[in-house]
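Q: Any chance you could fold what I've pasted below:
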Amino acid sequence: MSIKAEKDYDKIIVECKQLFLNKLSDYGPSWILFRLPSLTDQILIKAKRIRRLEELKGKSMIPESIDVEYRGILNYCVMALIKLWFSEKIPSSDSFLAGNIEVNPSILENLYDQVVKRTKELMYRKNHDYGEAWKEMRITSITDQILVKIYRIKTIEGNKRKLLTSEDIDAQYSDILNYCVFALIKLRTQGHCENEEKNH
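A: Residues are numbered from 1 along each chain as shown. Predicted coordinates:
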């Protein structure tokens, strides 16, 4: 990965993490109540809106732009991966619902960093094998890749994660996260990134 691309990657992550922390300050760790299929559905809604906006070519009736949706998807993927990889470090949904559970924001920030570290390492490995092919992709193709992976997750969830040869849902969430970064890098390069940090 080129030095510039890596810096762009890190800058996108910093912005998305700040959005995550801002939301955490505003709403508390309410996202813990999401079950994994609900997170998948949230990602699907946002990805479908991106595709719709691409087809409308900017004629949307709601002000949030495509880059805002990509950031939201990225953070939902982080939430899902925290639940998959570090479930023992956060309260269960049931215990959170029961009340009297406090979650230290610094713990969630640390888990965010650990998830990003693992997904970035995956990106390095794939870039090595594919030669940064994402740079040649159109943003609309990235959107389609994200939608394909969401529907793969929904199928895997429907099959109770019983797989024959395919990668499990954590690999799909990780790929979606990295595709979101690539899309945001491309949008920024093309001058279409609003950097709207108050939207999810």
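Q: Contact partners for the residue nearest to the spatial centre of the chain?
A: Compute the mean C-alpha point of the chain, and by CA atoms, centre = their mean the closest residue is residue 74, 1.9 Å away. Counting by CB atoms under 8 Å, 6 or more residues apart in numbering, residue 74 touches 12, 16, 177, 180-181, 184. To be clear about C-beta, it is placed using only N, CA and C from the backbone, and glycine gets the same treatment.
Q: On the three-state scheme, it is what?
A: Classification of residue 74 using DSSP: H, G, I helix; E, B strand; the rest coil returns helix.
Q: before we move on, what about residue 162?
A: At residue 162, secondary structure determined by three-state DSSP is coil.
Q: Run a quick neighbour tally on it.
A: 6 (other CB atoms under 10 Å).
Q: Tell me the spacing between residue 52 and residue 40.
A: According to CB to CB, to the nearest Å, residue 52 and residue 40 sit 19 Å apart.
Q: typo on my end, it should be residue 188
A: Applying CB to CB to residue 188 and residue 40 gives a distance of 27 Å.
Q: Give me the phi and psi angles of residue 160.
A: phi 60, psi 30 (degrees, to the nearest 10).
Q: what about it, distance to residue 40?
A: Look at residue 160 and residue 40: by CB to CB, they are 14 Å apart.
Q: When those two are compared, which one has more neighbours?
A: Between residue 160 and residue 40, counting by other CB under 10 Å, residue 40 is the more crowded of the two (24 against 7).
Q: can you tell me the helix or strand for the more buried one?
A: If you go by DSSP states H and E, residue 40 is part of helix 36-56.
Q: Would you mark the buried spots in that helix?
A: 36, 39-40, 42-44, 46-47, 49-51, 53 (16 or more other CB atoms under 10 Å).
Q: Which is the succeeding secondary structure element to the lowest-mean-pLDDT helix or strand in the chain?
A: Here the helix or strand of the chain ranked lowest by mean pLDDT, DSSP states H and E is helix 93-98, holding a mean of 85. Under the assignment DSSP H and E, the closest C-terminal helix or strand after helix 93-98 is helix 105-130.
Q: Just the residues contacting the following helix or strand past that following helix, thanks.
A: Using DSSP H and E, the helix or strand that follows helix 105-130 in sequence is helix 139-158. By CB under 8 Å, 6+ apart, the residues outside helix 139-158 that reach it are 36-37, 40, 43-44, 47-48, 50-51, 54, 66, 73, 134, 137, 163, 166, 168-169, 172-173, 175-176, 179-180, 182-183, 186-187.
Q: cutoff 7 Å now
A: Contacting residues not belonging to helix 139-158 are listed as 37, 40, 43-44, 47, 50-51, 54, 73, 163, 168-169, 172, 175-176, 179, 182-183, 186-187 [CB atoms under 7 Å, 6 or more residues apart in numbering].
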